[in-house]
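[1] coords below, sequence missing:
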């Protein structure tokens, strides 16, 4: 172990610190200021400012620059020794996963600044590589005084490779007291509230895109060549029917079609096979639209009219003609400009061919949603009914499907097992829909009766049997945000019974898991887990350890810029 | 071809979607300037236990903090368990996660072919009963968000030897297909009443390059540009040596590194050329030397600096300790990214000490 007697700081600086003999035996909890600043905007400004300061500091710890990291703390700083965070309680889970929960009530010691930095050095020592060091201000209250001071709740998450092999994550919460001294935020107290470690002697997954030959590095978002908010998706299918899974990836400037070579590598053949252009598509699906036995490719796109000009394009359909693809979009009836995202396909009218629902999001010339929880200025959800001759007719209006929601995703499932496919629709900025198929292209929204209204920022959805009881349950990804939760927790009390207030809180709450039972989808209590993603996008059920239980994966994050600084 | 103005048209005669309106232009400006908005959020993996979804993202190796949008599940390498592909919006965009949990033949893989409706059978519900319970999965064409999964449902059987399979064909009756043995990969054809075995086509999804090294195993290096404790630049010869060279990359902040110094000294005592290269920051050179002295480690110790050897490393991705084995001609024969006692040649190298 690194020994602890060496001071990290210069002797001159260390001399001004609290002498070890003068350190108290215990630290009282850090309380919120007695006279609190209540002006929300000002509090948020301070919170953001402080949060960014912590991000800069966290990056120093990640790079193990403890000298630099010491600068956040005052000379008279005292805090808990992180290297001895109480009493460990170990719990073993399947797959050799070990969780250590530290009982921080048991025997925390107090150190000065040098001791604290030394304890940070030890705290991150189990990591051979720190892949991720995340520090987030989860709560902040500031005083009404000048100079201002404040009490913060800070979450720290460290993830990386254990130096002895395998992987480890440490997640802890602490309280910090911060002062603004000569225009500079400095921390003078730090207490440890909780700490949980998760470990496994081996990794579960290895990212292999580069060795498989499918890695692709694109420009930063917002830069030339990557400016569209019409997010590109992906589709996996065996398009050439050789028994190997291939991948189609719509992209900003040219699409990718990765054909599996069967040796662990893929051949990019989009241009050769005729699907490289047009680019800019969102969701894509391989489907046999003409029932000829091979897989055709449909790609949703965005487009609209602006000042008499056509921008973007309609849905694209590529017909598989003996291995090469021919663009037959217009001939097949795909001429309308939509704001299409995630196509989902079923034989909705039970006539033996595949019909395509394409959710539509914002209007082309939008100015933002007209409500955060009930927006009705979105665009049309299109429903292409297959005519049986390789062409489609758009018949959403007669089905009653909404034409003004902000819809990113939907999914077909015959929940009532009456023989026809019903449709769940996840909407952003609003409630969800569940369209019961009444036959004859008549649908009725029964979201309320089924219990899936789930107001929020609906981003994605998938069906699967999460509790292995033989019926199909539902999972919806919703956006949640730290800043949102921080602001709302200040505006809305935990005990609030006000429906509108609680709607607001629900908006930032995260994903929802529904258990199908007694003909309804019942919201599973959030303590069951699988809920707190973040700004969530595609969710999927998958049994990653083949134990018979469906695990969950969900991708997250809106836009990462140049630094971890965030709102 | 990149369009940057509203007048730009592509070969299809329509305007590109870029810069489509004021709001997006404004947002592009913000993000183009490097602003983050709910950025660096890690992808999530939850392990289903009896009473909860346990968040194992931190230890999954699939917790990338890129901005993911699509996630598609498929058993790409046909070894029986699911991999997944992720599409991010920027930087490293295409991610393929190989499943390394490796629980062997504990599952059943099911593909469908309907005969009385569209053959892809979206909406079909497949149920597999094993070990006293029944799990259902849905065949889909498009699920999640802008994603399509492979048309193969993967059912874990746990410790059961086989599973009983039924299919509820969309709009039609439930058909029983009997049992499928663990490790089975089958095609269920509507009306056939029994499964048809599908051929396996397994392949190896190879490991990526050595994390943290900008040179691969098999590459040849002439020398390493290092700095000694006095701050003097040293060219440590790698090629043209009489014996193989063992270079241990370490740092004072790495507990395992410090802990294995005795083992490295043992290796040197057994007659091997062992050299230490510290990755500590310049302010910690003294600390590193002092620590070695205190521990009685007499191995030669150098430092990697940003002007020299560090240029050949990606320090943020380099796990410590990493030990490099160079052949006398300078070829990197192995990069060991754990402690030296895990090295295959360990007991032989120390002569059974």
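    Arrived safely. Since the model is a prediction, treat every value here as computed from it, not as a measurement.

[2] what about stretch B:27-34, near chain A?
    Yes. For stretch B:27-34 and chain A, the contact criterion (C-beta under 8 Å from any C-beta of the partner chain) is met by B:27, B:28, B:29, B:30, B:31, B:32, B:33, B:34. Just so you know, the C-beta spots here come from the backbone N, C-alpha and C atoms, and that holds for glycine as well.

[3] Does the fourth one belong to a helix, a strand or coil?
    For residue B:30, the assignment made with DSSP: H, G, I helix; E, B strand; the rest coil gives helix.

[4] so where's the chain uncertain?
    If you meant another chain, say so; for now it's chain A. By pLDDT under 70, the weakly predicted segments of chain A are A:1-13, A:365-367, A:481-508, A:563-567.

[5] Sorry, I should have been clearer: chain B.
    Applying pLDDT under 70 to chain B picks out residues B:1-26, B:28, B:352-353.

[6] how about 50 then?
    Counting by pLDDT under 50, chain B contains low-confidence ranges at B:1-8, B:18-20, B:353.

[7] And it, what are its domain boundaries?
    For chain B, the domain assignment from automatic domain parsing gives the residue ranges B:106-197, B:223-349.

[8] so how far does the longest one reach from one end to the other?
    Spelled out, that is domain B:223-349. With C-alpha to C-alpha, to the nearest Å as the measure, domain B:223-349 spans 24 Å from end to end.

[9] next one: the shortest one
    Taking C-alpha to C-alpha, domain B:106-197 runs 16 Å from one end to the other.

[10] Now residue B:282: closest residue in space that isn't a chain neighbour?
    residue B:305 (7.2 Å; C-beta to C-beta, 6 or more residues apart in numbering or on different chains).

[11] Backbone torsions only: list them for the one you found.
    When read as degrees, to the nearest 10, the backbone of residue B:305 gives phi -120, psi 160.

[12] likewise the one 5 residues further on?
    As for residue B:310, its main-chain torsions (degrees, to the nearest 10) stand at phi -60, psi -20.

[13] tell me, how many neighbours does the residue nearest to it when sequence neighbours are not counted end up with?
    Residue nearest to residue B:310 in three dimensions, not counting chain neighbours: residue B:304, with 4.6 Å by C-beta to C-beta, 6+ apart. By the measure other C-beta atoms under 10 Å in any protein chain shown, the count of residues near residue B:304 is 23.

[14] Quick one: residues contacting residue B:304.
    Shown in contact with residue B:304 (C-beta atoms under 8 Å, 6 or more residues apart in numbering or on different chains): B:226, B:227, B:249, B:277, B:278, B:279, B:310, B:313.

[15] try it again with 7 Å
    By C-beta atoms under 7 Å, 6 or more residues apart in numbering or on different chains, residue B:304 lies in contact with B:226, B:277, B:279, B:310, B:313.

[16] Okay, the nearest residue to residue A:480 once chain neighbours are set aside and chain B: tell me how far apart.
    For residue A:480, the nearest residue in space outside its immediate sequence neighbours is residue A:510; the separation is 3.8 Å by C-beta to C-beta, 6+ apart. In this structure, residue A:510 and chain B are 10 Å apart, going by C-beta to the nearest C-beta, to the nearest Å.

[17] Run through the residues that contact residue A:154.
    Taking C-beta under 7 Å, 6+ apart as the criterion, residue A:154 is in contact with A:54, A:135, A:137, A:138, A:173, A:174, A:176.

[18] swap in residue A:363?
    A:377, A:378, A:379.

[19] Could you report the neighbour count for the first one?
    Meaning residue A:377. Every residue meeting other C-beta under 10 Å relative to residue A:377 is counted, giving 16.

[20] How much space separates it from residue A:300?
    Using C-beta to C-beta, to the nearest Å, we find residue A:377 at a distance of 20 Å from residue A:300.

[21] Output the set of residues of the stretch 251-353 of chain B in proximity to chain A.
    Residues of the stretch 251-353 of chain B lying close to chain A by C-beta under 7 Å from any C-beta of the partner chain are B:252-258, B:281, B:283, B:287, B:317-321, B:338-339.

[22] so which strand or helix has residue A:58?
    helix A:40-62 (DSSP states H and E).

[23] Does that helix reach chain B?
    No. Interface with chain B: helix A:40-62 contributes nothing (C-beta under 7 Å from any C-beta), its closest point being 8.0 Å away.

[24] next SSE after that helix?
    Stepping forward along the backbone from helix A:40-62, the first helix or strand reached (DSSP H and E) is helix A:66-69.

[25] which residues touch that following helix?
    Residues contacting helix A:66-69 (C-beta under 7 Å, 6+ apart): A:8, A:57, A:60, A:61, A:117, A:120, A:121, B:283.

[26] Could you do stretch A:15-26 as well?
    For stretch A:15-26, with C-beta under 7 Å, 6+ apart as the criterion, the contacting residues are A:75, A:76, A:78, A:110, A:111, A:112, A:113, A:114.

[27] before we move on, back to that, from residue A:555, how far out is the residue nearest to residue B:282?
    Shown here: residue B:305 relative to residue A:555, a distance of 38 Å by C-beta to C-beta.

[28] So which of these two has more stuff around it?
    Neighbours per residue, other C-beta under 10 Å: of residue B:305 and residue A:555, the larger number sits with residue A:555, 35 against 18.

[29] Apart from its chain neighbours, what residue comes closest to that one?
    When the adjacent residues along the chain are set aside, residue A:555 lies closest to residue B:68, with 2.7 Å between them (C-beta to C-beta, 6+ apart).

[30] pretty sure the one you found contacts residue B:43?
    Yes. Under the contact definition of C-beta atoms under 7 Å, residue B:68 touches residue B:43, with a separation of 5.4 Å.
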